[in-house]
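Student: Sequence plus predicted model, see below.
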Amino acid sequence: MNRLKPWQIILPATEPSNFLSQGVAITGMGIISAIGNNVAENYHALINQQKGISRVSKIETHHKHDIMVGEIAATNKQLEIQLGLETTHNYSRTALLGAIAAKQAVVDAQITNVSEYRTGLVSATSVGGMDMTEKYYYEYLENKALQKYIESHHAGDSTQKIAQQLGIEQSLVTTISTACSSGANAIMFGARLIKTGRLDRVVVGGTDCLSKFTINGFKTLMILSDSYNAPFDENRSGLNLGEAAAYLVLESDSIVNKENKKPLAYLTGYGNANDAYHQTASSEQGDGATLAMQKALSVARLNPSDINYINAHGTATANNDLSEGRAIIRVFGENPPAFSSTKPYTGHTLAAAGAIEAVYSILALQNNILFPNLNFVTQMKEFALTPQYNLKQKELTHVLSNSFGFGGNCSSLIFSKQG
Amino acid sequence: MKKVFINGLCSVSAQKTFDNNFFLGSIIEYKDTVIPAVDPLYKEFILPAAARRMAKGIKMGVVASKIALANAKINTVDAIITGTGMGCVRDSEKFVSDIIDNNEEFLTPTAFIQSTHNTVGGQIALEITCQGYNFTYVHSSISFESALMDALLQLQNEEATNILVGGVDELGDHTVKIHSLIGHIKHNPVSTFGMVNSETEGAVFSEGANFFVLSNKAENNYAQLIDVQTYNVLEAENLPKIVTAFLNSNQYSLEEIDMVVLGNNGDVKYDGYYNILTRSLFSKTPQVYYKHLCGEFNTSSAFGFWLASKILKTQNVPSYVMLNDIYPKKMDTILLYNQYRGENHSFVLLKKC
């Protein structure tokens, strides 16, 4: 059922070409989050309903008793050892997390020689090296030993380092930062690079560490919960910030055929739109979100009824869940497919969110399982939507994943079993 | 595949470039290590109440976008793709220092909200009510070229008709201070025309916003964008091979390049990358540079793109951008090359329409 009025559809004006509607194979994935250090650990936590939300332990903040976060257990030191870095390195925590997740993805895709095909990297981050900047902001002026971190502040630095860790040289390596939709957008651009033949293979995803900067930023916006976040619940009280990194390996059909690979899944649809409503708030009717989901369906040449599960953005802020819920109704009708937000497990991991939830969407497809929207108790009064609140086995063919961010940025991705 | 054209543009830079009625009429000469962008009359383009909340980068980006759209004679676009290396540094600096200075108390959200890298792209969407695709690339000196590549691919494949593409970066006091400490900014002032041969390390830092309307419809055009390619790292000695391969992949030979536009910034440590090409493949080719006019910032190569577009449209090359004394016999095809501190190299190929 198409509930959009003609004026609401901006792109694509014409039926997407065959070229566009062709799925892109996903051949590997890697992840580190508050619920696990790899894909298997994340899946184990998801199906055993183990959340990774706790009090903050690694950041000395004034707000430590009023907030809950999704923190990764490993210290920077432990991550450095895992990567085998020299002590003179200048990796931010964002780069450390990103390198670990991206390396897992490459191993998972059974890539032994990264230079064998034209291989690129598209990474997303919003925090970048802010963790070091906020720690040494004034000390940089006096302490020469710390000045090595000045260069690791900018967003592209973590990406350059991840490329180096993967051995990607003389190639296309870039970074996307569109706030909380960044990770999804990195996946989208990667797909475009494969479809247009610019690259044969691309590692795509996102990484963000926790920082005082984001804790205080979201605190001033008064959208941090002092308890466990409860998406789509009438009594939701805001989000929990989290930190994570996740990457996928996208490969062209010719590599898949030549190497006789069995893809984990396919990226078949994607759409990005802008709310053009407010710098931080989503429009009440979810215009941008509606458009993003519509575009993704159009690229995948699917009807709304073809989607079996929606991994919602569901941050548990008053504004997001209302806007996203309304958008889901606009696209899918009053009885949408099963949907849930996995943010009660991981917290909102900002630029990594779209990437870790891509991994979860693929896990859902592979295992034919719906992950529960933890902490849900009471239906919202604005609409009759109940998220999937318990674990459920269900045959899945197509999964849609939403990611929305500041600046009105809305993205939807569709993952499918078949290309 | 559709051809892609540049149909409108605007540059806000350390020169008075924002008025499209002039093409570098008179040059502002500096003798400094950091040079600010010349402010256009923001109130002609942004409501004063809105402008008061905006840091310089946002204002420059919004004004450059609006002028570029007017220049292309259109009101809106299908997509907005922005590049920014450092993002909104002024708001970032303000929010970090407020956190530290006030021990995480008494903070207001404005600086945080505006510190997000996609603030400029989001604000442009708000100002011109564009609900289309909106991406922001943040990868050092290829931030603009990444945006350019995304737009090129979408237009070639008819996913969009008109796309606004731009690069924007602003100066921030603390950022300047710490980059001086580590020698990325020159220690001693250099003059505009002394920069390129300064023989010292570091660059002259600046800021600016360069925005373009790219389209797969040829109207009012400046030039045709043939291709763009970026490289995270490369060995200097491989440069000639890489350039040749880039040209060949677009069915161009070296001899067909009428002019090279280079990102020399006078940093004795890294200008060698350009020298490898100017002393070999392009020793007999007219060479143009521009960072003496606009300074160095992560998206300064977008000023080079603006300059090359203007040269192709006007068929005129101002003498003070010539790096060598070979005057072009014709100005049909221009190759741009840029890198920053030996990383994030980009090549762009433009053709006269």
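Tutor: It's in. Residues are numbered from 1 along each chain as shown, chains lettered A, B, ... in the order given.

Student: if I've got this straight, B:Ala68 is in a helix?
Tutor: Yes: assessed by DSSP: H, G, I helix; E, B strand; the rest coil, B:Ala68 belongs to a helix.

Student: Now A:Val399: closest residue in space, sequence neighbours ignored.
Tutor: Once flanking residues are discounted, A:Val399 sits nearest to A:Ser361: 4.4 Å by C-beta to C-beta, 6 or more residues apart in numbering or on different chains. Where C-beta positions appear, they are placed from N, C-alpha and C, glycine not excepted.

Student: Now the strand or helix carrying the one you found: buried residues?
Tutor: A:Ser361 belongs to helix A:353-367 when assigned by DSSP states H and E. Buried residues in helix A:353-367, counted by 16 or more other C-beta atoms under 10 Å in any protein chain shown: A:353-365.

Student: What separation do you get for the residue nearest the centre of chain A and chain B?
Tutor: For chain A, A:Gly354 is the residue whose C-alpha lies nearest the centre (C-alpha atoms, centre = their mean; 1.6 Å). Going from A:Gly354 to chain B by C-beta to the nearest C-beta, to the nearest Å gives 13 Å.

Student: How about A:Asp108?
Tutor: Noted for A:Asp108: a distance of 22 Å to chain B, by C-beta to the nearest C-beta.

Student: what's around that residue, how many residues?
Tutor: Close neighbours of A:Asp108, defined as other C-beta atoms under 10 Å in any protein chain shown, add up to 19.

Student: Once you drop chain neighbours, what's closest to it?
Tutor: Excluding the flanking residues, the one nearest A:Asp108 by C-beta to C-beta, 6+ apart is A:Gly28, at 3.6 Å.

Student: ditto for B:Asn210
Tutor: Distances taken as C-beta to C-beta, 6+ apart place B:Ala302 nearest to B:Asn210, at 3.6 Å, with adjacent residues excluded.

Student: By average pLDDT, which secondary structure element in chain B comes out worst?
Tutor: Within chain B, no helix or strand scores below helix B:48-53, which has a mean of 91 by mean pLDDT, DSSP states H and E.

Student: Figure out the helix or strand that the residue of chain A found nearest chain B lives in.
Tutor: Taking C-beta to the nearest C-beta as the measure, the point where chain A comes nearest chain B is A:Gly407, at 2.7 Å. Taking DSSP H and E as the definition, one finds A:Gly407 inside no helix or strand.

Student: ok, back up a step: and the helix holding A:Ser361, average pLDDT?
Tutor: Computed over helix A:353-367, the mean pLDDT rounds to 98.

Student: ok, and the closest non-adjacent residue to B:Ile67?
Tutor: Distances taken as C-beta to C-beta, 6+ apart place B:Cys10 nearest to B:Ile67, at 3.7 Å, with adjacent residues excluded.

Student: What pLDDT does the model give the one you found?
Tutor: For B:Cys10, the model assigns a pLDDT of 98.

Student: From A:Ser283, how far off is it?
Tutor: Distance of B:Cys10 to A:Ser283, given as C-beta to C-beta, to the nearest Å: 29 Å.

Student: beta partners for the residue lying closest to A:Ala105 once chain neighbours are set aside?
Tutor: Leaving aside its sequence neighbours, A:Ala105 sits nearest to A:Gly30 (C-beta to C-beta, 6+ apart; 3.6 Å). Here A:Gly30 sits in beta bridges with A:Tyr247, going by DSSP bridges.

Student: what residues are up against A:Gly30?
Tutor: Residues near A:Gly30 by C-beta atoms under 8 Å, 6 or more residues apart in numbering or on different chains: A:38-39, A:100-108, A:205, A:246-247.
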